[in-house]
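K.L.:
need a structure here:
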Amino acid sequence: MTIDLIYALPGQSIESFRDTLMRAIDLGLPHYAMYSLILENKTMFMNWVRQGRMALPSQEAETQMFDEAIAAMNKAGLTQYEISNFARPGYESLHNLVYWNNEHYFGFGAGASGYLGQSRYKNKGPIQHYLKPLQENQLPIHEIEELTTSNQMEEELF
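P.N.:
A predicted model of the protein is given here:
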């Protein structure tokens with residue numbers, strides 16, 4: 001069981017973040033993921049920030065939130081095994097480790113990505129663009145990136 005926590009939310013203070021973090025840790029889960037809110041261009045929320053209708057915490061506050069999360073997770077016996085993931089020993093996400101170990105994986109669904117052999121691919125999205133080729137007995141692949149041996153070596157080192 002896991003929980004994803006998003007921080008640096010509009011109007012979020014350090015104190016409210018600490019409260020949320022402690023409540024989450026008190027659940028005693030074996031795995032936690034921490035993500036800073038990222039606003040995408042051309043979204044309603046980004047427009048509100050640009051218009052001054054919504055305020056996000058400062059970069060300094062966001063950094064402090066993450067630093068405090070790392071300390072609190074460590075104190076609770078959770079190890080940071082990726083930038084944004086913390087787990088009790090043996091509860092690391094196998095899904096995430098596939099990427100870190102540069103292993104192959106399938107991507108099913110609209111916008112999903114896969115990595116097989118020397119190719120990385122991305123499916124079409126949104127859903128209607130994904131379904132149309134399937135109805136015509138075709139693969140719904142949007143793009144394929146062929147990785148050279150040099151690319152693969154660089155990724156393995158990374």
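
K.L.:
which residues does the most centrally placed residue in the chain contact?
P.N.:
Closest residue to the average C-alpha location of the chain: residue 35 at 6.9 Å, with CA atoms, centre = their mean. Going by CB atoms under 8 Å, 6 or more residues apart in numbering, residue 35 touches 4, 5, 6, 7, 84. All C-beta atoms are positioned from the backbone trio N, CA, C, and that covers glycine.

K.L.:
which of those has the most neighbours?
P.N.:
residue 7 (21 neighbours; other CB atoms under 10 Å).

K.L.:
Quick check: the gap between it and residue 84.
P.N.:
Computed as CB to CB, to the nearest Å, the residue 7 to residue 84 distance reads 10 Å.

K.L.:
Please apply the same query to residue 121.
P.N.:
25 Å.

K.L.:
Find residues that contact each of residue 7 and residue 84.
P.N.:
Joint contacts of residue 7 and residue 84 (CB under 8 Å, 6+ apart) are 34, 35.

K.L.:
show me the contacts for the residue of the chain most remote from its centre.
P.N.:
Within the chain, the residue lying farthest from the chain centre (CA atoms, centre = their mean) is residue 136, at 32.8 Å. By CB under 8 Å, 6+ apart, no residues touch residue 136.

K.L.:
And residue 116, by the same measure?
P.N.:
104, 105, 106.

K.L.:
Report the beta-bridge partners for the second one.
P.N.:
Going by DSSP bridges, residue 105 is paired in beta bridges with residue 115.

K.L.:
what's the lowest-mean-pLDDT helix or strand in the chain in contact with?
P.N.:
Lowest mean confidence among the helices and strands of the chain (mean pLDDT, DSSP states H and E): helix 94-100, at a mean of 76. By CB under 8 Å, 6+ apart, the surrounding residues in contact with helix 94-100 are 82, 85, 105.
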